[in-house]
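Trainee: Next come a sequence and a model predicted from it.
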Amino acid sequence: MAKKYNLFEKIASKPSKNSTIWRGGKRSILSTILLWFIWICRLFSLLQIFKLVYRELMTFFHKDVYDEKSKRPNVPPFFTEIYFVLWLGVLLLFYFMKWSNLAVHIAIYYYLFESIVWISYYTIFRRFFEENYALYHALENLTILALVIPCQALSFASLHDLTFLSSLLGLLGAGGDGTLLQLKLCGTFNAAIVIGLIISNFPTESKKSESENEEIMIIGNGEVVQKRLLPALKRANYEDYRINIFNLSKDKNEKHIYNSSEQKKLFAHVASSLNFRSVIWIETPPNNHIEYMREYADNKFNLMVIEKPISSKIEDLKYVEDLIENTKRRDKYFFLSYYLLEKALPLTYMVGRNERYRKYLNVENESFADYALKNLGKLISAKVEIIEGEDKRMWAFDDKENGGQLIETFVHNVLICSLFAGLPKYWSDVNLNIDDRNQTISLEAQSGMANITLKQVKNQKDSASINRHAVFTFENGFIKADFDKENAVISLNSVEQESIIEVKKIYSNKYDVQVDLVKRVAQKECHSSEVDGLANQIEVLTWLIQQKEESTRH
């Protein structure tokens, strides 16, 4: 569930609890006073208020990228740059026109106040408010300082009848003994900030030590690793990463050994190699995904990637839910979802309008797609069918340990349907039928007034019957998706046109999109909570496990 914010929290983020309560659970009074003072100062920032207006407009028009928890669009860096460029224009006008009255002085003092608060927050205090704050490049703040400091020089020049050059030199510490005290103090502060930013972002030419190498540690070596993941990594050109595979499989069914000395050795081997650049890729059967997550939860690593389904056990799903909610480490984990992020990516994009996915898609007639989505009306029926050929992963049919095909594949049917029909816990008249003999799973239900029909068939011998598609019928139109062609078509009954969204050919091979998304997250281009496949996965898996248990009891 998305976190709800009051108006003040929408303007500026409150200090993180971890920043005021130190080790041992004791609150620091001075840090609490300081951080809350910074927060109150930011509430008076016009920049923050303009950002709020921008977010509200983007939310209204369903644009931009949303954080999974807050559902707030990220504000692009050029927004702040434009804001300070406008201030530069205003201050230049004051300076050259020689305007000097109360209103002008109030505006100048306000700019000095806001700019000092802005510098303090974004160069020193931000990490104490927003723990996962690295949205843009590390030089973001340094480049904007090139605007902020000259504006401060113009402000002091206008207030104290100085030339711009003498004011700027005073801010830079070269003004001599006669420099105003205010200029010296402000200049000293700015100089410390600039030097700190340059040092922290200055590139080094030294060779990385072996322990600092970027490494992908793949745990598991089954069919998915060999036929999907490794080829996709090669196509994605992970040239900066060493790729190592760790595996405990002793037979063709990929059964992993539990509580064995070999497993303990593997845990220790992987843990000893981990560093802040490491990407751990969990590609084992779902019955022990959480075992690895628990083992490495307290280790240093860049990112942990967990294969779908997360787990076949409700207690494990609860552990994941608590981990990402309570430990504030959500963006250390990337949850895969082969359909939501690849085969059904056009549907995922259509619903959420997540611009992070846009690079993987061709969108034909996008303006019509926007219009059609707003005018489809109520959902009448939802049909999702996944009929596939041979599946050689024997563990995927093991109900006792891995949840069987209900958890392994049928979860895709439910996840795709939930994009338009809502979470299954709100469905009614659910009729789930699991036919192990014919390796078929079907489900019929109601979501409000909409009829839901889901079907999955494995090991289909007739190649002509193999088909993966979805059809969502609405009052005024429909959406059709072909998961083999990785496209979706939206149309209205009253208009003779349609919009097609499809995965670009260069990303159409298995795991290409997911591998690229992981790389972007590992390189801090975006957060995993913005782009991974966790959405609804825990809720859907929990519901499926409960449905299976209920059908077994009856």
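Mentor: Looks like it arrived, so ask away.

Trainee: can we go C-alpha only for contacts and neighbour counts from here?
Mentor: OK.

Trainee: what's the closest non-adjacent residue to residue 129?
Mentor: When the adjacent residues along the chain are set aside, residue 129 lies closest to residue 15, with 4.2 Å between them (Cα to Cα, 6 or more residues apart in numbering).

Trainee: Can you check the pLDDT for the one you found?
Mentor: Looking at residue 15, its pLDDT reads 85.

Trainee: before we move on, what about residue 118?
Mentor: 89.

Trainee: Same check on residue 261?
Mentor: Reported pLDDT for residue 261: 62.

Trainee: a strand runs through the residue nearest to residue 129, doesn't it?
Mentor: No - applying DSSP: H, G, I helix; E, B strand; the rest coil, one finds residue 15 to be coil, outside a strand.

Trainee: for the record, mean pLDDT for stretch 142-162?
Mentor: Mean pLDDT, computed over stretch 142-162, is 88.

Trainee: And stretch 190-210, by the same measure?
Mentor: Confidence over stretch 190-210 (mean pLDDT, whole number) is 61.

Trainee: thinking again about what came up before, ramachandran coordinates for the residue nearest to residue 129?
Mentor: In terms of degrees, to the nearest 10, the main-chain angles of residue 15 are phi -60, psi 140.

Trainee: how close does it get to residue 80?
Mentor: Counting by Cα to Cα, to the nearest Å, the separation of residue 15 from residue 80 is 21 Å.

Trainee: More neighbours: which of those two?
Mentor: In this comparison of residue 15 against residue 80, neighbours counted by other Cα atoms under 10 Å, the higher total goes to residue 15 at 23 against 18.

Trainee: contacting residues for the more buried one?
Mentor: Residues in contact with residue 15 (Cα atoms under 8 Å, 6 or more residues apart in numbering) are 35-36, 39, 128-130.

Trainee: What subset of those residues is buried?
Mentor: Among the contacts of residue 15, those buried by neighbour count (16 or more other Cα atoms under 10 Å) are 35, 39, 128-129.

Trainee: Could you identify the most distant pair in these?
Mentor: For the buried ones among the contacts of residue 15, the maximum inter-member distance is 10.8 Å, found between 39 and 128 (Cα to Cα).

Trainee: doesn't residue 215 fall inside a strand?
Mentor: Yes - when the secondary structure is assigned by three-state DSSP, residue 215 falls within a strand.

Trainee: wait, it sits on residue 279?
Mentor: Yes - the pair formed by residue 215 and residue 279 meets the contact definition of Cα atoms under 8 Å, at 6.1 Å.

Trainee: For residue 374, the count of nearby residues, please.
Mentor: Here the number of neighbours of residue 374 (other Cα under 10 Å) works out to 9.

Trainee: pLDDT score assigned to it?
Mentor: Among the per-residue scores, residue 374 holds a pLDDT of 92.

Trainee: any idea which helix or strand carries it?
Mentor: Element membership for residue 374 (DSSP states H and E) is helix 366-375.

Trainee: Mind exporting the C-alpha coordinates of whichever strand or helix holds residue 420 to PDB?
Mentor: Residue 420 is part of helix 410-421, with elements assigned from DSSP H and E. The C-alpha trace of helix 410-421 is given here as PDB (Å, rounded to 0.1, in the frame of the first residue of the first chain):
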ATOM      1  CA  PHE A 410      -0.200 -19.700 -13.400                       C
ATOM      2  CA  VAL A 411       0.900 -16.800 -11.200                       C
ATOM      3  CA  HIS A 412       1.500 -15.000 -14.600                       C
ATOM      4  CA  ASN A 413      -2.100 -15.400 -15.600                       C
ATOM      5  CA  VAL A 414      -3.300 -13.800 -12.300                       C
ATOM      6  CA  LEU A 415      -0.700 -11.000 -12.300                       C
ATOM      7  CA  ILE A 416      -1.600 -10.000 -15.900                       C
ATOM      8  CA  CYS A 417      -5.300 -10.100 -15.200                       C
ATOM      9  CA  SER A 418      -4.900  -8.100 -12.000                       C
ATOM     10  CA  LEU A 419      -3.500  -5.200 -14.100                       C
ATOM     11  CA  PHE A 420      -7.100  -4.500 -15.200                       C
ATOM     12  CA  ALA A 421      -9.300  -6.600 -12.900                       C
END
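
Trainee: Remind me what whichever helix or strand comes after that helix packs against, helices and strands.
Mentor: The first helix or strand that comes after helix 410-421 along the chain, using DSSP H and E, is strand 428-435. Using 3 or more Cα pairs under 8 Å, 6 or more residues apart in numbering; DSSP states H and E as the contact criterion, the neighbours of strand 428-435 among helices and strands are strand 440-447.

Trainee: what about residue 56, distance to residue 526?
Mentor: Here the distance between residue 56 and residue 526 works out to 21 Å (Cα to Cα).

Trainee: So which of the two has more stuff around it?
Mentor: Per other Cα under 10 Å, whichever of residue 56 and residue 526 has more neighbours is residue 526, with 20 against 15.
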